[in-house]
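> Whatever this is, show me its structure:
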Amino acid sequence: MNLLTKSMFYLVIMAATLFLKPITTVAQSDAETQKLLVAQLKAFAEAYVNLPNSKNKANVLRYFSKDATSNIFVFNISGVSRVSNGDYNGFEAYLDNLLRTPGIMLSYDIGNQVDVEVNGTVATLVYRVNYETKIPDGIWVKGKELVTMALEKKGTEWKIVHYTFMQVEDEKLKGTCLCELFTAEGEDGEVVAKTTVPSGRSYTTKFDNLEFRTTGSDQMIKVQDNYFRRAGTGKLLMVKDGEEVEVGISNSKRETVLLVIQALYKDSCARLKTKN
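Numbers count the residues shown, from 1 in each chain. Sure thing, here's the model as predicted:
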């Protein structure tokens, strides 16, 4: 190999080295960014789950851009779906609602399967979530979500600018119940209550016949194998094993029936809505 040939050979090698070096640097940078974003996602999940105890809303919101938007699809166990759009303020209001709910417990398990794509100053995260929400004497629901997040690098920080999630309820062991009443005339007339209650992977419909009997200033109510007494003052009490436990105050027959139903299904109904 003569001197000219050698010189050209080294120039080609140097050019190739210079050309390949930036590509290797970019690839390493993308890999590091992917790890950073996964770590950031897990930090967000931890901050969200700990919110009821930490009360630190800012620690959750710090991952979102002030102009963030969202699309939300929810499919519940009754087969009803709803779609909504949101923004940063809507998510903040949701967090405020969590903070106002005493005793709420959250679970948000994202696992280890996170798909990350990085393209310069923009990135996407796609992952699945197993979630669960519990409230003492309140809602108890769990299910799965498929989440997609779009992030943008703003200065030195990555911020969520858009997110979508598709939520499918797997089980609802406690939630809102729907009650429909079929009432006979008169204070001692019977009432049939049709109540729809969550029971795991579906809703169950219960039919209860409430029998009323007036004794002096009191009114006795029998339903299933349970007995209730409504005093003349309006106080409603559940009679069990020779003892009486106060259920609430009733000012009408309708209110009495609803209080009885709430007492019967307190383990399944956090709230009770009526159809008529």
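> and Glu152, what does it touch?
65, 121-123, 158-159, 161 (CB atoms under 8 Å, 6 or more residues apart in numbering). No exception for glycine: its C-beta is placed from N, CA and C like everyone else's.
> among these, who's most crowded?
Trp158 (22 neighbours; other CB atoms under 10 Å).
> so who does it touch?
Here Trp158 is in contact with 36-37, 40, 123, 151-152 (criterion: CB under 8 Å, 6+ apart).
> got it, and Gly189?
Gly189 neighbours (CB under 8 Å, 6+ apart): 183, 212.
> ok so, going back, adding distance to Thr205, write the contacts of Glu152 out as JSON lines.
What follows is the contacts of Glu152, written out as JSON lines (distance: CB to CB, whole Å):
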{"residue": "Ser65", "distance to Thr205": "45"}
{"residue": "Thr121", "distance to Thr205": "54"}
{"residue": "Val122", "distance to Thr205": "50"}
{"residue": "Ala123", "distance to Thr205": "48"}
{"residue": "Trp158", "distance to Thr205": "49"}
{"residue": "Lys159", "distance to Thr205": "47"}
{"residue": "Val161", "distance to Thr205": "44"}
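> In helices, which of the contacts of Trp158 appear?
Residues from the contacts of Trp158 lying in helices, with DSSP state H as the criterion: 36-37, 40.
> Tell me how many other residues surround Arg100.
Arg100 has 8 nearby residues by other CB under 10 Å.
> Which residue ranges of the stretch 151-276 of the chain form strands?
157-183, 191-198, 203-215, 218-223, 226-230, 235-240, 243-249, 269-274 (DSSP state E, counting those that start in this stretch).
> Report the angle between the fifth one and strand 235-240.
So that's strand 226-230. 150 degrees (axes from the mean of the first three to the mean of the last three CA atoms, to 10 degrees).
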